[in-house]
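*Asks:* One predicted model, sequence on top.
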Amino acid sequence: MVFKKMLSAFGVGGPSVDTVLVNPNTRPGLSLDGQVNMRGGDSAATIEQVTISLVTRVEVESGAAEYAGLMEFHRMPVSGPFQLAPGQQLSLPFQLPVPWETPITDLYGQRLHGMTMGLRTELSVARAVDKGDLDQVAVHPLPVHERILEAMLRLGFRFKNADLERGYIQGVQQTLPFYQEIEFFASPQYAQSVNEVELTFVTNQYGVDVIVECDKRGGLFTGGHDSIGRFTVQHADADRVDWVAQVDGWLSQTISRYGQHGHGLGHPGYGQPGYGPGYGQGPGYGQPGYGPGYGQHGHGHGHHGRGAGVGGMVAAGALGVAGGLVAGEVLDEVFDDDGGDDGGFGFDEE
């Protein structure tokens with residue numbers, strides 16, 4: 001009996017857990033639905049808590065060094081304490097709200113190169129090794145995100161990479177302890193002015209703050225520098241705006257206003273939103289489906305230390321944030337992301 005207790009303490013013959021998602025595809029502001037399936041081990045176990053959380057890989061700068069770590073950024077309990085009898089099977093349903101600022105991981109049904117996202121399940125077992133499960137999830141863009149990204153491609157920009165930078169952007173109401181940078185190589189018409197362009201979306205239930213960072217080329221007697229623009233759009237404008245002309249205008253403004261650091265920038269017609277409630281409940285905003293053709297319905301790193309980049313806008317002292325961070329590319333190893341043929345768009349093939 002004592003030997004069995006020792007084995008149980010090391011996780012041998014203990015309970016097991018497996019989380020099943022109804023649909024691993026979601027969007028910011030929606031939810032992930034599923035159930036946590038548990039099976040009792042060789043002996044009765046006291047389960048102290050069952051929790052689920054969203055985890056992702058975040059880039060962290062520490063002095064001159066930079067490393068990637070696994071960060072938990074949204075957590076929810078599924079149950080409190082209970083007893084799990086030997087061999088007992090138990091399923092607990094859940095519905096996890098997806099934060100509005102959750103970064104985009106997939107576009108047109110394919111994974112953006114550089115992005116990882118997972119749903120982690122933790123089964124806390126009294127006097128024994130905790131059990132866990134990790135499931136890959138895909139976060140697809142909201143319609144306004146998709147229109148802006150499509151406009152960049154139609155303007156000739158080529159996707160380069162996407163990553164998450166730990167920190168907060170000054171002047172933007174931000175709830176998560178990191179922000180996403182979606183990087184593009186310059187299009188031919190902008191190639192003489194900029195090297196690269198980065199987009200950051202900070203989303204809420206009403207709309208999106210779009211931060212545009214242009215890595216400007218240097219001249220014969222001048223060095224290169226970054227120029228920042230910040231624009232606010234409404235979700236309701238997704239199908240009302242000529243987004244190619246809109247994004248082209250944003251880029252022109254951003255390039256021309258170097259030195260203003262993006263503070264207080266706004267685009268005509270896109271001031272502080274006065275939105276009505278109820279977004280996200282109407283048709284076209286449901287859970288993404290499976291199969292080919294997804295993305296048609298319902299619609300590198302930051303340049304820190306160069307002065308006017310988004311990295312220069314990160315609030316000093318704001319890096320002591322909630323959420324565990326573990327060095328290493330754990331999600332990449334678990335999900336075995338091998339890249340594959342991306343068709344020239346910089347996607348990771350699933």
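*Replies:* Nice, thanks for sending it over.
*Asks:* contacts, neighbours, all on C-alpha from now
*Replies:* Noted.
*Asks:* Go ahead and confirm Gly29 touches Val98.
*Replies:* Yes: taking contacts as C-alpha atoms under 8 Å, Gly29 lies within contact range of Val98: 5.3 Å.
*Asks:* which helix is the longest one in the chain?
*Replies:* What stands out as the longest helix in the chain, according to DSSP state H, is helix 243-256.
*Asks:* which secondary structure elements does that one contact?
*Replies:* Packing contacts for helix 243-256, counted by 3 or more C-alpha pairs under 8 Å, 6 or more residues apart in numbering; DSSP states H and E, involve helix 143-154, strand 207-216, strand 225-234.
*Asks:* pull the CA atoms of the last one into CSV?
*Replies:* In other words, strand 225-234. Extracted as CSV, the C-alpha positions of strand 225-234 are listed here (Å, rounded to 0.1, in the frame of the first residue of the first chain):
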residue,chain,number,x,y,z
HIS,A,225,14.5,55.7,-38.7
ASP,A,226,11.0,54.5,-37.7
SER,A,227,7.8,56.4,-38.2
ILE,A,228,4.6,55.6,-36.3
GLY,A,229,1.0,56.2,-37.0
ARG,A,230,-2.0,55.3,-34.9
PHE,A,231,-5.5,55.0,-36.3
THR,A,232,-8.9,54.0,-34.8
VAL,A,233,-11.5,52.0,-36.7
GLN,A,234,-14.9,50.6,-35.9
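*Asks:* Just checking: what are the partner strands of that strand?
*Replies:* strand 207-216 (antiparallel) (DSSP bridges).
*Asks:* Send over the strand it pairs with as CSV, restricted to the C-alpha atoms.
*Replies:* Output in CSV follows, covering the C-alpha atoms of strand 207-216 (Å, rounded to 0.1, in the frame of the first residue of the first chain):
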residue,chain,number,x,y,z
GLY,A,207,-13.2,48.7,-32.6
VAL,A,208,-9.5,48.5,-33.2
ASP,A,209,-6.5,50.7,-32.6
VAL,A,210,-4.2,50.1,-35.6
ILE,A,211,-0.5,51.0,-35.0
VAL,A,212,1.4,51.4,-38.2
GLU,A,213,5.2,51.4,-38.0
CYS,A,214,7.3,52.2,-41.1
ASP,A,215,11.0,51.4,-41.1
LYS,A,216,12.1,54.2,-43.3
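*Asks:* Provide the contact partners of that strand at residue level.
*Replies:* 172, 193-203, 224-235, 250-251, 254-255, 273, 309-310 (C-alpha atoms under 8 Å, 6 or more residues apart in numbering).
*Asks:* Just the buried residues of those.
*Replies:* 193-203, 225-235, 250-251, 254-255, 309-310 (16 or more other C-alpha atoms under 10 Å).
*Asks:* got JSON lines for the helices and strands packed on helix 243-256, with distance to Ala68 and mean pLDDT too?
*Replies:* Below are these laid out as JSON lines (distance: least, C-alpha to C-alpha, whole Å; pLDDT from 0 to 100):
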{"stretch": "helix 143-154", "distance to Ala68": "25", "mean pLDDT": "97"}
{"stretch": "strand 207-216", "distance to Ala68": "22", "mean pLDDT": "93"}
{"stretch": "strand 225-234", "distance to Ala68": "24", "mean pLDDT": "90"}
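*Asks:* I'd like those laid out as CSV, including distance to Ile104.
*Replies:* Shown next, in CSV, are the helices and strands packed on helix 243-256 (distance: least, C-alpha to C-alpha, whole Å):
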stretch, distance to Ile104
helix 143-154, 9
strand 207-216, 13
strand 225-234, 17
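*Asks:* Using CSV, write out every CA atom in the longest helix of the chain.
*Replies:* C-alpha atoms of helix 243-256 as CSV (Å, rounded to 0.1, in the frame of the first residue of the first chain):
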residue,chain,number,x,y,z
TRP,A,243,-9.6,49.6,-47.3
VAL,A,244,-7.0,49.7,-50.0
ALA,A,245,-7.4,53.5,-50.3
GLN,A,246,-7.6,53.8,-46.5
VAL,A,247,-4.5,51.8,-45.7
ASP,A,248,-2.6,53.5,-48.5
GLY,A,249,-3.5,56.8,-46.9
TRP,A,250,-2.4,55.6,-43.5
LEU,A,251,1.0,54.6,-44.9
SER,A,252,1.4,58.0,-46.6
GLN,A,253,0.6,59.9,-43.5
THR,A,254,2.8,57.7,-41.3
ILE,A,255,5.8,58.1,-43.6
SER,A,256,5.3,61.9,-43.8
